[in-house]
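> below is the sequence, then the predicted model.
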Amino acid sequence: MTLFRWVRGSSDPLPPKAAKRTPAEGRPFSLYVLPLGLCLAAASAAAQEPPPTEDARKVRALLSVDALPAPSLDHLDPEQREQLAADRTAAADALVAASTDEQAQYAANIFGDLCLQYLHHELHGAAAVCLAQLRLLAPNDFQWTYYELLLHDATGNLERARLSARAALALSPNDTATLIRSGDLHLDAGDLDAAAAAYGRALEIRPESAAARFGLGRVALDRGEIAQAIAAFEEVLASQPEGSVVHHHLGMALRAAGETSRARAELARNRQVPIAIVDPLRDRLQIYGLKTEARFDRAVRAARSGRNDEAIALYRELLAEDGSDPEVHFNLARSLIETGDQAAAEEHLRRAIELNPSHGAAHFNLALLLGRTGRTGEGARHLEQAADIDPENLQWRLMRARARADAGNASGARSELEEIVRLDPGAIEAHRLLAAMLLEAGEPARAADHLEALTALTPDDLRAHFNLGLTRFGTGQFAAAREALETALERFPGDLAVRHLLARLLATSSDAAVRDGQRAVELARSVVDEQPAIDHLETLAMAMAEAGRFEDAVSWQQRALDRERETAGANSPQRLDRLRLYQARQSLRAPGGGR
């Protein structure tokens, strides 16, 4: 489950506070449903709005700025202190205002951004509390576990760091940065076998990794495998000569090998420059230490606060001086969208892409804009590009799957959805859409697997529970169907459709262990009393037959036939066959589902 933070170049549209409202469209991803529309309700209309959504309630319950320690900012420069204070206030305000899915996403984004600022500025107490909150909100989101690993490593809590490394690898087993950091922690603890395994796996995934090879060299040195250690350190220096710390370890290995003069020379070359690790999440923190132009910063803050006219003016000033910065074009486009100037926004999004063809967020926002103006074909092409540029952005990939489905590319949509749920088993909307597409493709058994995942992820989703029971019933998995429908009935005892389907299952299943004629009669009677429709009358007849009350079964089936003639003018052969079955004192059986 991924929470997308608000950083420079983020794909998330700026939530307006005084902007023109546009109709919301569904854009679900992972934990949240982030609408395509850019509307937030004005504060004055809050009293007329519906209750907070489930996602909004969850975000407000689990994230709290008040719970974060207020750290001393004395060691920061004035601009950094001002930014942190403003962002803390903005996060608190956003959480209070969150009542829609979009507002919940916005609040989670800026809360996560605040947390990473604390981590970058080494405000470890506040960072620890907010990271713990984010892990509760999104337990399957790898990044928050990894950032906890960095936090514990930085504070010297190596036991907690090892636990975080283990948790991070459970979420992303092939992340090389985590494997290398895990190896370092095992090495510090003296567990050479575990360290070697972690470094070795990292090297399998990324053979060019100097850091993984350096780790294996240190393990070899500690094991007394001197020749192997020397070979590893020399190979590391050949690929990353700037990592002068390797000279120290090579010197120690040479000393152990008896090469004293050469060892002395290597030790003298050590300048304590570490070996670089390819670590995108760690690198992402560095954005908070960049000294960007003051006007750009003011423009971003103005846009975040809903003062888009002010932001637009500042961005235009920057472009008048230098029109070659794709980020300025991109951020200007987002503010133009908020003010309703879609034509100008499109122009600047296209310019951002021209300057940086790999600007995934620009492709994504242009795709949204084109979709809103009816140019779905071109929009789909930009959406494909955005998802190709950043394949780990499951939000974009889910939208790509929807676009493919809308364009009639069902197989492409299904393959994309299958990859999404493989990467994120908690991707609710991907499971929901994939189940629907598999049912449409005539693959109910596979669809049922995704419906089952959906009921576990969203236990209050009545439709998912019902469809799971119906699909299991239709594929002849009667015991599983009963289990699903009993669970649905327990959660939704008043739902007529659940009671009706369960009654029919209990009356007609070909699995004797599933059938229960008396309970089927009770359920079917409650349904008929509430709504005496033809199908409901028939189900009561099925239940009566299973309970051995064949005269009653004939009577209720006859009522169903009478109602059918009144409404349709004739009776279906199937219903007449059922009447004759009950007259012959036989119960109806469903070999592959209800007939």
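Cool, the structure landed.
> output the below-cut-off pLDDT ranges for the protein.
Screening the chain residue by residue with the criterion pLDDT under 70, one finds the ranges 1-50, 287-294, 591-595.
> which residues in it form strands?
Using DSSP state E, the strands of the chain run over 28-29, 32-33.
> from Leu73, how far off is Leu383?
Computed as CB to CB, to the nearest Å, the Leu383 to Leu73 distance reads 41 Å. The C-beta positions use only the backbone N, C-alpha and C, and glycine is treated the same way.
> quick one: residues contacting the nearest residue to Ile428 once chain neighbours are set aside.
Of all residues not flanking Ile428 in the chain, Leu457 sits nearest, at 5.2 Å (CB to CB, 6 or more residues apart in numbering). Applying CB atoms under 8 Å, 6 or more residues apart in numbering, one finds that Leu457 lies in contact with Gly426, Ile428, His431.
> still on that earlier bit, Leu383 and Leu73 - which one has more neighbours?
Leu383 (26 against 16; other CB atoms under 10 Å).
> which residue, other than its chain neighbours, is closest to that one?
Sequence neighbours aside, Ala367 is the residue nearest to Leu383 in space, at 4.0 Å (criterion: CB to CB, 6+ apart).
> that neighbour contacts Gly377, doesn't it?
No - counting by CB atoms under 8 Å, Ala367 does not reach Gly377; the two are 10.8 Å apart.
> quick one, which of those two is more surrounded?
Neighbour totals were compared for Ala367 and Gly377, and Ala367 leads with 28 against 11 (other CB under 10 Å).
> give the buried residues for stretch 549-564.
By neighbour count, and taking 16 or more other CB atoms under 10 Å as the criterion, the buried residues in stretch 549-564 are Arg549, Phe550, Asp552, Ala553, Val554, Trp556, Gln557, Arg559, Ala560, Leu561, Arg563, Glu564.
> let me redo that: stretch 516-535
Counting neighbours by 16+ other CB under 10 Å, the buried set in stretch 516-535 is 516-517, 519-528, 533-534.
> could I get those as a markdown table with distance to Arg57?
What follows is the buried residues of stretch 516-535, written out as a markdown table (distance: CB to CB, whole Å):
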| residue | distance to Arg57 |
| --- | --- |
| Asp516 | 38 |
| Gly517 | 42 |
| Arg519 | 36 |
| Ala520 | 38 |
| Val521 | 40 |
| Glu522 | 36 |
| Leu523 | 33 |
| Ala524 | 37 |
| Arg525 | 37 |
| Ser526 | 32 |
| Val527 | 33 |
| Val528 | 37 |
| Ala533 | 36 |
| Ile534 | 41 |
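> filter those residues down to just the ones in helices.
Judged by DSSP state H, helices contain the following of these: Gly517, Arg519, Ala520, Val521, Glu522, Leu523, Ala524, Arg525, Ser526, Val527, Val528, Ile534.
> let me know the closest of those to Cys115.
Leu523 (50.1 Å; CB to CB).
> residues contacting the closest residue to the closest one other than its chain neighbours?
Taking CB to CB, 6+ apart, and ignoring the residues beside it in sequence, Leu523 has Ala503 as its nearest neighbour in space, at 3.8 Å. Contacts were defined as CB under 8 Å, 6+ apart; by that measure Ala503 touches Ala520, Val521, Leu523, Ala524, Val527, Thr539, Leu540, Met542, Ala543.
> over to Trp556?
With contacts defined as CB under 8 Å, 6+ apart, the neighbours of Trp556 are Leu537, Glu538, Leu540, Ala541, Met544.
> Phe330 is in contact with His363, isn't it?
No - here Phe330 does not reach His363: they are 10.4 Å apart, not a contact under CB under 8 Å.
> count the residues that sit near Glu416.
When counting by other CB under 10 Å, one arrives at 23 neighbours for Glu416.
> residues contacting it?
Arg397, Arg400, Ala401, Arg404.
> would you turn those into TSV with neighbour count and distance to Glu148?
Rendered in TSV, the data for the contacts of Glu416 read as follows (neighbours: other CB atoms under 10 Å; distance: CB to CB, whole Å):
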residue	neighbour count	distance to Glu148
Arg397	25	26
Arg400	25	31
Ala401	28	31
Arg404	21	36
